[in-house]
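S.K.: dropping the sequence and predicted coords here.
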Amino acid sequence: MSSEPSFPANSFPSVMNLVPTRSQTSYTSLPCSRELRFSVVVDNHCRIRGERMDKPSGAIKFSIDLIDLIVHPQMGGKGGGRLTRKLGNTVVVLYGEAKCSPTEWVYTTQLRIKTGTGDRKEAIRLVDKGLFRIGKWLPPITVRVADSSVKRIKLEFKFTNQQFEYLPRFEIGDVTLKFKDGITLCVDKALLALHSRYMASFLHDAEQGAIIDMGGFEMEAFRELLYQIYATRRPIETDLPRIAKAANAFKADIILSKLTMHIFALDLSIVQKMELALALELDQTLSELVYVAEQRGIWTHLIERGFEPKSLGIEIYHHIICPSILKGKSHPYGTPLQPTWNNFNFNIPQRPFTVPFVVEGETLHINRGILEIHNTKGYSTGNNGELITRITPRIREECAKWDVTVPKLIEIMLKHMYPSRVIIPGRYLRPMMMFAEEHNLRRLLNSLGEMILLEPPLTAERMLDHLQLADKYQHSNLFRACLLRIEGSFKTRVSQLISMRQFEQLPEAMRKEIFDRHCSGWALKDQHLAGIPTTRTFREVTLLKGGPPQSPLDKDDGFGALEEMRSVEAFEAYGCAVAIILQGTILGPKEVWGRGPSSSKLAIGVRPKGRERLSKEVTAKTDFMIVAEDVHSSENPDLMEALEHGTISTRRHLSYDVDPGRTRPLKANKLKFAVRDLRFVILKALR
């Protein structure tokens, strides 16, 4: 812990002035403003010395592990001072950069911001705190210093999750792709063939080490496609035009389907989605959008509102839109337009792209590229080049413990490793982790650990199990998740955990961390620090207080019930507020859930900032319904009719949104938990 005194903002100044300081904290001043100095502390003990940077000019960096935390001032004048000129005072942005490239990374961290004057004898004060995400593609944390008295800013980090991946450099592979200017990429031809039948056709006869001329095609676009084919952590939205260009050119069917899924999930209107698909030349996506719109009744609604489909192009209308509408009318509701690509058959060899894979005497035929990116060195090799799995007695015992068979375990594992990314049932996770460790499948082992940490440890036994798995497989993120829960949702059961005999068998370092979080965790009082990362990344700090700037909703007393739910941060992050009306009054959990669905009259009004508050009460036959921002608009006749008659559909899994194209299913009849957990249901609907 830092020896520099720090107190909450509401501490008495007289007391603070009486406390002497023997600070060892290292502060680094900004090159452009030597009066303003910064310090960074990681995990409560690691003080990091700042270094001034040449690029970007005026910034300082704090090097931690695999990334540099960068504090970059926006001081006005030419080049980068727009925020400061607009808002006044000093504005700094906090972000990270990986030390090596190419990489993909996202860190989740608890962050506390402390401020102080230039007098080192005066204590610093805690003025702001929260749970944030920083990453390569995430917006930076912007801090406005709104008080000229602030001369020292201390940033304290506790990382709760670290996702870091080195992207492939494409220097190793069985074929070489040659682009213009002599640039080459070495790739695994089996992996490319799995994603594209077109590429499989011209790679089928390519010998080991063959050089394939890619003509004048752009290397950067194809590399972006490869990042998706190799199943890296690179988000598909990072460079949609290039990925779409390469996927179209080389008929990468699986990636085209992923692009379609991504566009469907965007928070855009159906017309905007069609325009985006058209701009990216994704004919399959446009066809899917029109087909689904017709089947759901959205297309007729658009025409009634005056939409002109021919505005997308006469040829597009006749060759894509009309055929898709006709299929939507003739096919049964819910029938997919395109055949699914996630049904892989492991029993049929596809030479030269598959390799024999022996599991307890049974031979499967698995794509060589899929096995290569997960590591094939952990398997035994037979006389004919087949890969042989080792099923040890420990693996058999673990399978029997969880009532799974070895062949089924391997089948689910392979389906998860393939592009289908099949979700692994919970009872297969622990036997599969043991199999992955035995065969040195580190990539799979990390993925399984991330799934384990999603399990809620409702008992001390399950929490101990998580800690033991984190220790056994050296999974740091699983251990960080346990620590976060110990000061958050699990804090009332930590005493049971500590009293267990097996707890003493954990390494001493782990037990010390657990004791520290149980006794001095930052989230013990404020559960925001153990909840959902905030998206309110613009903060203001003064000498006495800090946090996100006040919005009009913060001043609205009509939504005071949210304070009891401890979810202001979650709702504000999505720019909305929620009012709960039940029988005309706002009631507590007992009164809310004491009534049966037949007598419930519950409306949840969601409104964006700056809109008038919804006041109309809704009676629903469902347990509850989501009412979006424009429910009173005549543009949604079905919803208007339901509101006027006080009823919604008797279907109990339905919620309405402003745009019918963004309707989200919601299991209303499952809403049986405390009011404080209601925010998760509403956030799910808003997404």
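M.R.: Arrived safely, thanks for sending.

S.K.: count of neighbours near residue 261?
M.R.: 12 (other C-beta atoms under 10 Å). In this view, the C-beta of every residue, glycine as well, is placed from N, C-alpha and C.

S.K.: just the pLDDT for it.
M.R.: Residue 261 is assigned a pLDDT of 93 by the prediction.

S.K.: my read is it is in a helix, agree?
M.R.: Yes: the assignment for residue 261 is a helix, going by DSSP: H, G, I helix; E, B strand; the rest coil.

S.K.: which intervals of this structure have sub-threshold pLDDT?
M.R.: 1-25, 33, 44-45, 75-88, 551-687 (pLDDT under 70).

S.K.: ok, 80 please
M.R.: 1-26, 31-35, 44-47, 75-89, 339-343, 550-687 (pLDDT under 80).

S.K.: how does it divide into domains?
M.R.: Following automatic domain parsing, one finds the domains of the chain at 6-165, 167-265, 272-336, 354-452, 550-686.

S.K.: surely residue 66 meets residue 96?
M.R.: No: the pair residue 66 / residue 96 is not scored as a contact, 9.5 Å apart, by C-beta atoms under 8 Å.

S.K.: looking at these two, which is more packed in?
M.R.: Legend: neighbour count by other C-beta under 10 Å for residue 66 and residue 96, higher for residue 96 (23 against 15).

S.K.: is it true that the more buried one touches residue 132?
M.R.: No: judged on C-beta under 8 Å, residue 96 makes no contact with residue 132 at a distance of 11.0 Å.

S.K.: gap between residue 460 and residue 512?
M.R.: Using C-beta to C-beta, to the nearest Å, one gets 19 Å for the distance from residue 460 to residue 512.

S.K.: those two: which is more packed in?
M.R.: Taking other C-beta under 10 Å, residue 460 and residue 512 do not tie; residue 460 has more neighbours (18 against 10).

S.K.: find the residue closest to that one in space, skipping its chain neighbours.
M.R.: Excluding the flanking residues, the one nearest residue 460 by C-beta to C-beta, 6 or more residues apart in numbering is residue 496, at 4.0 Å.

S.K.: hang on, the one you found in a helix?
M.R.: Yes: counting by three-state DSSP, residue 496 is located in a helix.

S.K.: what about it, how many residues nearby?
M.R.: Residue 496 is flanked by 15 other residues according to other C-beta under 10 Å.

S.K.: which residues does residue 142 contact?
M.R.: Residues in contact with residue 142 (C-beta atoms under 8 Å, 6 or more residues apart in numbering) are 83, 91-94, 537-539.

S.K.: what kind of secondary structure is it in?
M.R.: Secondary structure, three-state DSSP: residue 142 is strand.

S.K.: how close does it sit to residue 384?
M.R.: With distances taken as C-beta to C-beta, residue 142 is found 61 Å from residue 384.

S.K.: repeat for residue 144
M.R.: 67 Å.

S.K.: likewise for residue 70?
M.R.: Applying C-beta to C-beta, the value for residue 70 to residue 384 is 54 Å.

S.K.: could you do residue 283 as well?
M.R.: With distances taken as C-beta to C-beta, residue 283 is found 44 Å from residue 384.

S.K.: more neighbours: those two, which one.
M.R.: Comparing residue 283 with residue 384 by other C-beta under 10 Å, the one with more neighbours is residue 283, at 15 against 6.
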